[in-house]
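Asks: fold the following and give me the result.
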Amino acid sequence: MFLIRIVFWLSIVVILLPGDPQSDTPPPRVTVFETLSSFRAIAADFSGFCDRNPDVCVTGGTALKAFAEKAQNGARALFRYLDEGVDPVGTEDDQDTLTDRDRSPTWQGPEHPGTV
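Replies: The predicted model follows:
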């Protein structure tokens with residue numbers, strides 16, 4: 001359904017774009033009624049597609065869901081990088097790997113300043 005909406009709105013945008021003014025051939029004339037009736041026929045054909053090809057719809061739906069999850073994850077990483085300037089692949093847990101033992105070293109400096 002998502003793909004059908006995208007195709008519909010992109011078609012509307014393309015229809016509203018002006019033609020090439022330098023073209024020698026006149027653009028074909030199509031009335032609004034003809035355009036709407038053809039869109040209605042296309043929508044009717046698309047609505048029966050999953051009835052005719054159920055396996056294709058299941059596979060396509062799964063692929064579209066995986067694509068959407070990847071797009072959301074990529075957008076989240078991009079926004080985090082732009083907002084905070086952190087590594088987009090790493091998480092907050094990956095940023096601090098030191099333990100308390102690492103933070104308190106066993107080495108001590110010289111007891112008297114100036115001696116080695």
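
Asks: grab the most central residue of the chain for me.
Replies: In the chain, the centroid-proximal residue (C-alpha atoms, centre = their mean) is residue 71; its distance is 3.2 Å.

Asks: which strands and helices lie in contact with the host helix or strand of that one?
Replies: Assigned by DSSP states H and E, residue 71 falls within helix 54-84. Where contact means 3 or more C-beta pairs under 8 Å, 6 or more residues apart in numbering; DSSP states H and E, helix 54-84 is packed against helix 49-52. In this view, the C-beta of every residue, glycine as well, is placed from N, C-alpha and C.

Asks: redo that, cut-off 10 Å
Replies: Secondary-structure packing of helix 54-84 (3 or more C-beta pairs under 10 Å, 6 or more residues apart in numbering; DSSP states H and E): helix 2-16, helix 49-52.

Asks: and the shortest one, average pLDDT?
Replies: Same thing as helix 49-52. For helix 49-52, the mean pLDDT works out to 85.

Asks: list the buried residues of it.
Replies: Neighbour-count burial for helix 49-52, counted by 16 or more other C-beta atoms under 10 Å, picks out no residue.

Asks: put the alpha carbons of that helix into CSV.
Replies: Extracted C-alpha coordinates of helix 49-52, given in CSV (Å, rounded to 0.1, in the frame of the first residue of the first chain):
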residue,chain,number,x,y,z
PHE,A,49,-2.6,-8.1,-7.5
CYS,A,50,-2.1,-9.8,-4.1
ASP,A,51,-5.1,-12.1,-4.8
ARG,A,52,-3.5,-13.2,-8.0
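
Asks: so what does it touch, helix or strand wise?
Replies: In terms of contacts (3+ C-beta pairs under 10 Å, 6+ apart), helix 49-52 is packed against helix 54-84.
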